[in-house]
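Peer 1: Any chance you can model this:
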Amino acid sequence: MSTDISLRVLSESLGGKVLVRLRNGKMLRGILQGYDQHMNLILEQAEELDDENSSTKHLGTIVVRGDNIIMVSPTIKEKK
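Peer 2: The predicted structure is shown next:
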């Protein structure tokens, strides 16, 4: 059941910015371009966020393996 909800949220987030927390504590932000049933993600314009000094490291287009993901948070889209 929770997998269905997760995949639905990812589907609705395609083309939008998402925030991803990894098992190792790192945070990534990027534009969600694709995903699969294992929650492997393709992010464009990806950045690694650094909490301590608010800097970012630009990563470009990356694939994030679903096994390493703890949380995916979509950005809120404003309704017109």
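Peer 1: Doesn't residue 67 lie inside a helix?
Peer 2: Yes. Under DSSP: H, G, I helix; E, B strand; the rest coil, residue 67 falls within a helix.
Peer 1: That one: what's it in contact with?
Peer 2: With contact set as CB atoms under 8 Å, 6 or more residues apart in numbering, residue 67 has these partners: residue 38. Using the backbone N, CA and C atoms, a C-beta is placed for each residue, glycine as well.
Peer 1: can you rerun that using 10 Å?
Peer 2: Shown in contact with residue 67 (CB atoms under 10 Å, 6 or more residues apart in numbering): 23, 38, 39, 40.
Peer 1: List buried residues within those.
Peer 2: Listed as buried from these are residue 39; burial here means 16 or more other CB atoms under 10 Å.
Peer 1: Among the contacts of residue 67, which one sits closest to residue 70?
Peer 2: residue 23 (5.8 Å; CB to CB).
Peer 1: And the closest one, how far from residue 8?
Peer 2: Using CB to CB, to the nearest Å, residue 23 is found at 23 Å from residue 8.
Peer 1: Buried residues of the worst-scoring helix or strand of the chain on mean pLDDT, list them for me.
Peer 2: The helix or strand of the chain with the lowest confidence, counting by mean pLDDT, DSSP states H and E, is helix 2-13 at a mean of 80. In terms of neighbour count (16+ other CB under 10 Å), helix 2-13 has its buried residues at 10, 13.
Peer 1: next structured bit after it?
Peer 2: Scanning forward in sequence from helix 2-13 by DSSP states H and E, the next helix or strand is strand 17-22.
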